[in-house]
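[1] what follows is a predicted structure for the sequence shown.
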Amino acid sequence: MPVVAVVNRKGGSGKSTFAAHVAAWCARERLAVMLGDIDRQQSSRGWLRRRDAALPAIAPWTIDQKNVLRVPTGITHVVLDTPGGLHGFELARIVMFADAIVLPVCPSMFDRESAAACIAELMTLPRIAKGQCRLATVGMRVDGRTNAADMLRAWSAEQKVEMVGMLRETQLYVRSLERGLTMFDLPDDKAAVDLAQWVPILDWLRPVLKPLPAAEARTRESVLASVHRGSVLRGARPLNPLVRAA
């Protein structure tokens, strides 16, 4: 069961916005997804209550007879919206269960410093250090009229963490979320600019959320290896290792 956790110690960083959108994309892809809100403010759970039942379904936690939160039966994918101030054992526990962690980061100095401290702690955890849990940052509320995007990319490079995308500052996010919607629920002509910004983010998430079946992955690797060997044996220039399979 793929688990994506959205983490940032600072409140107001866009965690709930990002988590809701990832869950909505999964639902649009016909994946049985749960949006798990473990933030005391329960922003994501409140958003789910506003969501029209006619839209692709996103499940919340279920509560069992012992008042314990459980993943509902039949769920195959989980997106976690985590609380601010997450550190120590609670942060390590999230990493133990997650396949990918995304840190939404706003451009301000306070946001960057808070995120940097969180990244530093994440880097000490074995599953992150070994690459068993993927880690990336995403720029949030980025004003295209400023140098905020360049500043965030430089900051992320300093942290040695990939920044996989930038989401612009726009009231369209605010108005959509108030109605229980995301950019993925809007007509393409209304959200074209914002949907384009999600493409590199989803490209990074896709191997986690929709991994190739093991047999298909092995077959693809075998074909690529044989093509590469054939090129070398014939004296041709080896394939560029940076070119991914189509």
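    Good, I have the coordinates.
[2] list the buried residues of the strand ranked longest in the chain.
    Secondary structure of the chain per DSSP state E: the longest strand is strand 134-142. Counting neighbours by 16 or more other Cβ atoms under 10 Å, one finds that the buried residues in strand 134-142 are 134-142. Quick note: C-beta positions are derived from backbone N, CA and C, even for glycine.
[3] what pLDDT, on average, does that strand get?
    Summarised as a single mean, pLDDT over strand 134-142 is 96.
[4] in its sheet, what does that strand sit against?
    Strand pairing for strand 134-142, using DSSP bridges, gives strand 100-105 (parallel), strand 162-168 (parallel).
[5] tell me the first helix or strand C-terminal of it.
    helix 148-158 (DSSP states H and E).
[6] now do that next one: distance to the chain's middle.
    Centroid separation for helix 148-158 versus its chain: 18 Å, with Cα atoms, centre = their mean, to the nearest Å.
[7] which among the buried residues of strand 134-142 gets closest to Val208?
    Here the nearest of the buried residues of strand 134-142 to Val208, counting by Cβ to Cβ, is Arg134; it sits at 6.4 Å.
[8] isn't the closest one right next to Ile101, touching?
    Yes - if you go by Cβ atoms under 8 Å, Arg134 and Ile101 touch, sitting 7.2 Å apart.
[9] now do the strands in this protein.
    Under DSSP E, the chain gives strands at 3-6, 33-37, 62-63, 69-70, 77-81, 100-105, 134-142, 162-168.
[10] now those in JSON lines, with distance to Ala148?
    Listed next are those as JSON lines, based on distance: least, Cβ to Cβ, whole Å:
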{"stretch": "strand 3-6", "distance to Ala148": "20"}
{"stretch": "strand 33-37", "distance to Ala148": "28"}
{"stretch": "strand 62-63", "distance to Ala148": "40"}
{"stretch": "strand 69-70", "distance to Ala148": "37"}
{"stretch": "strand 77-81", "distance to Ala148": "24"}
{"stretch": "strand 100-105", "distance to Ala148": "11"}
{"stretch": "strand 134-142", "distance to Ala148": "5"}
{"stretch": "strand 162-168", "distance to Ala148": "8"}
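[11] looking at these, which is closest to Ala54?
    strand 33-37 (16.7 Å).
[12] relative to strand 77-81, how tilted is the closest one?
    When axes from the mean of the first three to the mean of the last three Cα atoms, to 10 degrees is applied, the directions of strand 33-37 and strand 77-81 differ by 20 degrees.
[13] and strand 33-37, what does it pack against?
    Where contact means 3 or more Cβ pairs under 8 Å, 6 or more residues apart in numbering; DSSP states H and E, strand 33-37 is packed against helix 15-28, helix 43-50, strand 77-81.
[14] can I get the ones you listed in a markdown table including mean pLDDT, distance to Val105 and mean neighbour count?
    Shown next, in a markdown table, are the helices and strands packed on strand 33-37 (pLDDT from 0 to 100; distance: least, Cβ to Cβ, whole Å; neighbours: other Cβ atoms under 10 Å):
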| stretch | mean pLDDT | distance to Val105 | mean neighbour count |
| --- | --- | --- | --- |
| helix 15-28 | 96 | 10 | 24 |
| helix 43-50 | 87 | 18 | 17 |
| strand 77-81 | 95 | 16 | 25 |
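[15] quick one: which of those is nearest His87?
    Nearest to His87 among the helices and strands packed on strand 33-37 is helix 15-28; the distance by Cβ to Cβ comes to 15.0 Å.
[16] now do the closest one: which elements does it pack against?
    strand 3-6, strand 33-37, helix 43-50, strand 77-81, strand 100-105, strand 134-142, helix 171-178, helix 188-209.
[17] just send those back as JSON lines, with distance to Glu113 too.
    Shown next, in JSON lines, are the helices and strands packed on helix 15-28 (distance: least, Cβ to Cβ, whole Å):
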{"stretch": "strand 3-6", "distance to Glu113": "19"}
{"stretch": "strand 33-37", "distance to Glu113": "26"}
{"stretch": "helix 43-50", "distance to Glu113": "23"}
{"stretch": "strand 77-81", "distance to Glu113": "22"}
{"stretch": "strand 100-105", "distance to Glu113": "10"}
{"stretch": "strand 134-142", "distance to Glu113": "14"}
{"stretch": "helix 171-178", "distance to Glu113": "24"}
{"stretch": "helix 188-209", "distance to Glu113": "23"}
